[in-house]
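**Student:** Model the structure of this input:
(one chain, ligands or ions: 1)
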Amino acid sequence: MERSKRIILVSHCILNQNTVVQPLARAKGAYKDIVMELINNDIGIHQLPCPEYRFLGLKREPMTKEQYDTEGFRNINKRIAVDTVNIIKEYISNGYEVLGIIGINESPTCSINGDKGILMEELINILRYEDIKLNLIDVPTDYHDGEKGERFIAELKSMVI
Ligand code: SF4
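**Tutor:** The predicted model follows:
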């Protein structure tokens, strides 16, 4: 059996910058350095859905958390959060190591540190309720692959190795 049994959850756009609000994309496709770090450590990558894409699609304009915080958008995020926690519980109950979640700092939806985004609020609330403790880190706002991203890759290494 070749499975490493080590999993990490990542915000959708870490693997696919094509869903990001147009002027804010920071790579053509994936954040290669982040993804390669995970691949090189034999870590399975669980890509969370992009709630903003589901709600408003590709032509959406940049919006604040307050603007997004409607019943409809909350409900999308609550459903994703419940689904995600069920996936995490299935891994844990089968002896897998869930290393943590990587969010996107200052996103109205996917930020973990500071003012939490709406998805992460919902997700972390359920994780707390279920008493599941995970490492939680954000890709910083100035992250780019290459030199600008080195500090974050070092932080990620300390989490995954
Ligand atoms: S909603 Fe989350 S996954 Fe989607 S583009 Fe924004 S930060 Fe990335």
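
**Student:** ok, longest strand in the chain?
**Tutor:** Under DSSP state E, the strand in the chain containing the largest number of residues is strand 97-104.

**Student:** Now Glu122: closest residue in space that isn't a chain neighbour?
**Tutor:** Using Cβ to Cβ, 6 or more residues apart in numbering and skipping the chain neighbours, the partner closest in space to Glu122 is Ala81 (3.8 Å). Bear in mind the C-beta positions are built from the backbone N, C-alpha and C, glycine included.

**Student:** ok, Ser107 touching Gly117?
**Tutor:** Yes. In this structure, Ser107 is within contact of Gly117 by Cβ atoms under 8 Å, at 4.8 Å.

**Student:** who touches the worst-scoring helix or strand of the chain on mean pLDDT?
**Tutor:** Least confident helix or strand, the chain: helix 150-160 with a mean of 93, by mean pLDDT, DSSP states H and E. Under the contact criterion Cβ atoms under 8 Å, 6 or more residues apart in numbering, helix 150-160 has outside partners 6, 8, 33-34, 37-38, 41, 43, 99-100, 102, 135, 137, 139-140, 143.

**Student:** and what of stretch 53-60?
**Tutor:** Contacts with stretch 53-60, where a contact means Cβ under 8 Å, 6+ apart, come from His12, Asn18, Thr19, Val21, Gln22, Glu52, Tyr68, Gly72, Phe73, Ile76.

**Student:** Stretch 104-119 too?
**Tutor:** Contacts of stretch 104-119 with the rest of the structure, by Cβ under 8 Å, 6+ apart, involve 11-14, 48, 51-52, 63-65, 67-69, 73-74, 77, 80-81, 101, 103, 120, 124, 136-141.

**Student:** filter those by proximity to the ligand?
**Tutor:** Intersecting these with the contacts of the ligand gives Ser11, His12, Cys13, Pro51, Glu52 (criterion: Cβ under 6 Å from any ligand atom).

**Student:** before we move on, which element is the third one in?
**Tutor:** The reference is to Cys13. Secondary structure here is read from DSSP states H and E; on that basis Cys13 sits in helix 12-15.
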